[in-house]
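Visitor: Mind looking at a prediction? Sequence and model below.
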Amino acid sequence: MEFTLNEIYGMTRNLTKLTNKELPVRISYRLLKLLKGCSSEMETLEKARIKLVEKYKDEPKEGDKEGDIKVSDENKEKFQEEFTTLLNEEVEIDFVPISIEDLGDISLSANDLLPLQKIISEK
């Protein structure tokens with residue numbers, strides 16, 4: 001199944017919530033495999049984000065706290081453009097959407113379900 005990195009970024013926290021629910025073992029297994037794939041992509045995304053920060057950070061100035069990273073407004077725009085392009089990248093993760101019926105009577109808010117709608121089918 002194809003996901004953009006932005007979709008993965010948006011659903012990972014709520015997918016973790018879902019995997020903590022009591023579900024049939026085969027559904028739990030499939031969700032954990034998806035979470036593992038998403039976590040791997042998130043690690044790669046974070047490494048790429050750090051490289052972008054390094055590329056666009058300003059040189060430290062006298063009086064700056066050690067470890068503080070500052071980016072000028074001009075560089076922020078360039079950073080945001082490149083990061084947005086990165087978030088729109090599509091990746092393939094082996095997953096077939098699960099049926100909402102397979103989730104049984106668990107409780108999730110609409111806000112929790114919204115980022116997960118791509119992985120849950122109504123049938």
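Guide: Cool, the structure landed.

Visitor: Show me where the protein has its strands.
Guide: 2-4, 90-92, 98-99, 120-121 (DSSP state E).

Visitor: Can I get those in TSV including mean neighbour count?
Guide: (Glycine included, C-beta is placed from N, CA and C.) Converted to TSV, those look like this (neighbours: other CB atoms under 10 Å):
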stretch	mean neighbour count
strand 2-4	15
strand 90-92	12
strand 98-99	16
strand 120-121	14
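
Visitor: Same list (those strands) but as CSV, adding distance to Glu66 and mean pLDDT.
Guide: Putting the strands of the chain into CSV (distance: least, CB to CB, whole Å; pLDDT from 0 to 100) gives the following:
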stretch, distance to Glu66, mean pLDDT
strand 2-4, 36, 97
strand 90-92, 36, 97
strand 98-99, 47, 94
strand 120-121, 46, 93
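
Visitor: Could you save those strands as a markdown table and add columns showing distance to Gly10?
Guide: Converted to a markdown table, the strands of the chain look like this (distance: least, CB to CB, whole Å):
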| stretch | distance to Gly10 |
| --- | --- |
| strand 2-4 | 9 |
| strand 90-92 | 14 |
| strand 98-99 | 18 |
| strand 120-121 | 14 |
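
Visitor: for those, which one sits closest to Leu108?
Guide: Counting by CB to CB, Leu108 lies closest to strand 120-121 out of these; the figure is 9.9 Å.

Visitor: helices or strands up against the closest one?
Guide: Applying 3 or more CB pairs under 8 Å, 6 or more residues apart in numbering; DSSP states H and E, one finds that strand 120-121 makes contact with strand 98-99.

Visitor: Quick one, which of the strands of the chain gets closest to Lys17.
Guide: strand 120-121 (13.3 Å).

Visitor: With Thr19 as the reference, name the closest of the strands of the chain.
Guide: strand 98-99 (11.8 Å).

Visitor: Sheet partners, orientation included, of that closest one?
Guide: Partners of strand 98-99 in the sheet, by DSSP bridges, are strand 120-121 (parallel).

Visitor: Can you tell me what sits against the strand it pairs with?
Guide: Outside strand 120-121, the residues within contact range by CB atoms under 8 Å, 6 or more residues apart in numbering are 97-100, 103, 113.

Visitor: what do you get for stretch 85-96?
Guide: 1-6, 8-9, 30, 33-34, 37-38, 41, 45, 48-49, 52, 119.
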